[in-house]
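*Asks:* This is a predicted model, with the sequence first.
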Amino acid sequence: MKYPDVWGKGIIFAFSGLEGETNFENSLIATTASEPGKFVLRVENGINFCFKNLHLCKKINPLIISSDVFVTENPNLSLVFVQKDIISGHFSDPFIPFLENSTQNRKKDILVSQIDTKSGSIALAVDEKRKKFSIAYDRKNRNDAVKKAIRQLSECYIGKQIRKKINFFENISLPQFKTEKEEKTYLKALSIMKVNCESPYGKITYLWTTPDRWPHRYLWFWDSAFHTFGNKFISVKLAESTLFAVLSCQRKDGFISITMSPDKGRLYKELTQPPLFAWAGLELFNKTKNYQFLEILYIAISKYMKWLFNSRDRDKDGLLEWITNDSPASKCGECGMDNSPRFDTIKKNEPVAAIDLNCFAINEMECLSKIAAILDKSEESRIWKKLSFQKKKMVDTFLYDEKEDFYYDRRPNGDFVRVKTPASFLPLFAGVASPERAKKLVEKLQNKNLFWTELPLPSVAINEKSFSKDMWRGGTWLNYNFLIYRGLVRYGYNKISGQLIKKTKKAVEDWYIKTGSIFEFYDPDNKIPPEQLPRKDWLGKRGWTRTIADYHWSAAVYVAILNELRSNND
């Protein structure tokens, strides 16, 4: 087995909820620095942990670099997460582990380093004779951090813990790999999905998933749907729990918040995200045949869809609109395309009929109809099917611009918001477009002056004045590629759909081998390393973070598309 072994900046290193308690408020999370073997412990502004003299090594031979285990030979080093707040490892001379800017003292034969912050205390205990060390974190008590670190030196069998982490990969049913690069990338993707799992805590009563343990951390609505397309290959129970975790925070009237947290539950009172749960749940049921799961999902998403139509058709024209705001950096967090130029000219709360929201809703109703039929709810199935058909006609009538042969958002006065984005291909995903209009959409998708870049699909057509490589202003996103891929398959465009996911798959693999991670979004020209892309910089001020590494839905989509390729004997 070819384990992931590429070092890079931003790799998330933490204990997974798949293996035990993570405790959202009292967990230690680390990310890797650019320098091999150096970790940033994410407490306060970051505490650096590394091995002395490691930078002098001309070459380091890693055996595995995963989300919770790091092992090298020549030199002989290891780190492994053994609990939510404890790391253990071993070292060889002269590569002694240390915390930068720490205070040190000796407790018998143990060298103890410690750093206290407002967010808690980090302690490093080093047994120089046995070449072992442990790192412990405690949010409340500095003495407890030291005690845990010292105790761990005698309690932890490092080899056993490393074997446990490796068994995670060996106990999963894997597809047939064609190349070593493919195998390493796939196992890296599994590792990303693993680390981004949190155990039940507070108001989130199921094992749950997050886009990234650092810096986002919370539970997100539409992200969770995409996570299931990958994490079902780890465990179908994990995938079911991923959806149930979100539904555990659903309001009685059906509303589901953009984000949720263990301490507060819903973090927004009215803002939601694209509805994809009926689609994700139906796909999962087709694998599990779990009728109880399907029944619970059906009731919850039926309530949500009724809330959606009551709350997002403010002008009562039968078409749904997003809630927009007046923050230029992110005018429509609801739609998921935070800083898309689709919304640059839209006023706060202007009821603009949204092509993406209406297509997502249509697809959800279609899936609810199928689910109702499976559950012997024939009348409800008929109602959802009829409503889906009616909305399809409305979208095709009012959101299609015959002058440009393209679907767009539409203002209340009938004017189209003519900004070309992949959202305009969602009528393929939802089955809205006629065969003739589908053909015209595919022609635009394949146009090298619009969307068919080296790494399609840019989130804004490259001929738009607003195009850049800044997030949703032009960056390529795997989740949208997956949606459009499914739309192309639905209309029988198997050749172009295959080309799309093969280009996507290859780019993910190539950049993993170069950078050690799978990213939030990518350069549509496939030239700029993902971590160097702008992220909400387009207003002239540097955004709060760079492109996020070890991003959950990108890993999940990679796993999903590789399995789809193999199921098609490709």
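*Replies:* Yes, it's here.
*Asks:* Where do the helices of the stretch 1-150 of the chain begin and end?
*Replies:* 142-155 (DSSP state H, counting those that start in this stretch).
*Asks:* any idea how this structure splits into domains?
*Replies:* 12-170, 312-427+434-445 (automatic domain parsing).
*Asks:* Just give the nearest non-adjacent residue to residue 530, would you?
*Replies:* Spatial nearest neighbour of residue 530, chain neighbours left out: residue 519 (3.8 Å); criterion: C-beta to C-beta, 6 or more residues apart in numbering. The way it works is simple: take the backbone N, C-alpha and C, and place the C-beta from them, glycine included.
*Asks:* OK, contacts around that neighbour?
*Replies:* 511, 530, 531, 547, 548, 549, 551, 554 (C-beta atoms under 8 Å, 6 or more residues apart in numbering).
*Asks:* element containing residue 225?
*Replies:* In the assignment (DSSP states H and E), residue 225 maps to helix 221-231.
*Asks:* what is the mean pLDDT for the next helix or strand after that helix?
*Replies:* Heading C-terminal from helix 221-231, the first helix or strand you meet, by DSSP H and E, is helix 236-247. Here helix 236-247 scores 98 as its mean pLDDT.
*Asks:* Helix 236-247: how far from the chain's middle?
*Replies:* Distance, stretch centre to chain centre, for helix 236-247: 15 Å (C-alpha atoms, centre = their mean, to the nearest Å).
*Asks:* Residues contacting the helix or strand that that helix is followed by, please?
*Replies:* On the C-terminal side of helix 236-247, the closest following helix or strand by DSSP H and E is strand 259-261. By C-beta under 8 Å, 6+ apart, the residues outside strand 259-261 that reach it are 24, 202-204, 217-221, 246, 249, 266-268.
*Asks:* Just checking: what are the partner strands of strand 259-261?
*Replies:* strand 219-220 (antiparallel), strand 265-266 (antiparallel) (DSSP bridges).
*Asks:* Quick one: mark the members of the contacts of residue 519 that sit in helices.
*Replies:* The helices, defined by DSSP state H, take in 511, 554 from the contacts of residue 519.
*Asks:* ok, so of the contacts of residue 519, who is nearest residue 157?
*Replies:* residue 549 (30.7 Å; C-beta to C-beta).
*Asks:* What residues does the closest one make contact with?
*Replies:* 8-12, 31, 212, 515, 517-520, 530-531.
*Asks:* What's the per-residue pLDDT of it here?
*Replies:* Per-residue pLDDT puts residue 549 at 98.
*Asks:* partner residues bridging it?
*Replies:* Going by DSSP bridges, residue 549 forms beta bridges with residue 519.
*Asks:* on that earlier part again, can you flag the buried ones in the contacts of residue 549?
*Replies:* 8-12, 31, 212, 515, 517-520, 530-531 (16 or more other C-beta atoms under 10 Å).
*Asks:* quick check, nearest of the residues you listed to residue 472?
*Replies:* Among the buried ones among the contacts of residue 549, and counting by C-beta to C-beta, the member closest to residue 472 is residue 520, at 10.8 Å.
*Asks:* Hmm, the closest one is touching residue 551, no?
*Replies:* Yes. Assessed by C-beta atoms under 8 Å, residue 520 is found in contact with residue 551 at 4.3 Å.
*Asks:* Surely residue 388 is in a strand?
*Replies:* No. Counting by DSSP: H, G, I helix; E, B strand; the rest coil, residue 388 is not part of a strand but helix.
*Asks:* want to try a markdown table for the contacts of residue 519, with distance to residue 195 as columns?
*Replies:* Below are the contacts of residue 519 laid out as a markdown table (distance: C-beta to C-beta, whole Å):
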| residue | distance to residue 195 |
| --- | --- |
| 511 | 19 |
| 530 | 18 |
| 531 | 18 |
| 547 | 18 |
| 548 | 13 |
| 549 | 11 |
| 551 | 11 |
| 554 | 14 |
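*Asks:* hmm, back to that, who wins for proximity to residue 501 among the domains of the chain?
*Replies:* Residue 501 sits nearest to domain 312-427+434-445 of all those, at 13.3 Å, using C-beta to C-beta.
*Asks:* Going along the chain, name the strands of the stretch 51-200 of the chain.
*Replies:* With strands called from DSSP state E, counting those that start in this stretch, the stretch 51-200 of the chain shows them at 61-65, 69-73, 77-83, 86-90, 97-99, 103-107, 110-117, 120-127, 132-138, 197-198.
*Asks:* Format those strands as CSV; extra columns: distance to residue 412, mean neighbour count and mean pLDDT.
*Replies:* Output for the strands of the stretch 51-200 of the chain, formatted as CSV (distance: least, C-beta to C-beta, whole Å; neighbours: other C-beta atoms under 10 Å; pLDDT from 0 to 100):
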stretch, distance to residue 412, mean neighbour count, mean pLDDT
strand 61-65, 53, 18, 96
strand 69-73, 56, 22, 97
strand 77-83, 53, 24, 97
strand 86-90, 56, 24, 97
strand 97-99, 59, 21, 96
strand 103-107, 64, 11, 92
strand 110-117, 52, 19, 96
strand 120-127, 52, 23, 97
strand 132-138, 53, 25, 97
strand 197-198, 42, 28, 98
